[in-house]
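A.B. asks: mind looking at a prediction? Sequence and model below.
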Amino acid sequence: MRSDATQLTELIARADAGELKIEVAERRPLTDLATVHDEATAGRLAGKTILIPV
């Protein structure tokens, strides 16, 4: 993985235009970060998880 500002800008533009869809399995509070990390490491996440600051 490498940082690529041009590619990131293109992806954001595509997402904003509705051309790129991201399927989100669940949204959880940021306080669940350690648990989400453990679940990801163990392969137990069902999909993309968004952590929301509360």
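C.D. replies: Received the coordinates, thanks.
A.B. asks: which helices and strands does the helix or strand bottoming out on mean pLDDT in the chain pack with?
C.D. replies: The weakest-scoring helix or strand in the chain, judged by mean pLDDT, DSSP states H and E, is helix 5-16 (a mean of 91). Contacting helix 5-16 under the criterion 3 or more CB pairs under 8 Å, 6 or more residues apart in numbering; DSSP states H and E is no other helix or strand. Backbone N, C-alpha and C define where each C-beta goes, glycine included.
A.B. asks: and for it, what's in contact with it?
C.D. replies: Helix 5-16 has contacts (CB atoms under 8 Å, 6 or more residues apart in numbering) with L20, K21, I22.
A.B. asks: chain center to that helix, what's the gap?
C.D. replies: 15 Å (CA atoms, centre = their mean, to the nearest Å).
A.B. asks: following that helix in sequence, what is the next regular element?
C.D. replies: Using DSSP states H and E, the next helix or strand after helix 5-16 towards the C-terminus is strand 24-29.
A.B. asks: tell me which other helices or strands the helix or strand following that following strand touches.
C.D. replies: Using DSSP H and E, the helix or strand that follows strand 24-29 in sequence is helix 33-41. Applying 3+ CB pairs under 8 Å, 6+ apart, we find helix 33-41 packed against strand 48-52.
A.B. asks: partners of the strand it packs on, with directions?
C.D. replies: Its sheet considered, strand 48-52 pairs with strand 24-29 (parallel) by DSSP bridges.
A.B. asks: next, the angle from the partner strand to helix 33-41.
C.D. replies: Angle, strand 24-29 to helix 33-41, by axes from the mean of the first three to the mean of the last three CA atoms, to 10 degrees: 150 degrees.
A.B. asks: give me the buried subset of the contacts of helix 5-16.
C.D. replies: The neighbour-count test (16 or more other CB atoms under 10 Å) marks none of the contacts of helix 5-16 as buried.
A.B. asks: so which of the residues you listed comes closest to L51?
C.D. replies: Checking those against L51 by CB to CB gives I22 as the nearest, at 14.3 Å.
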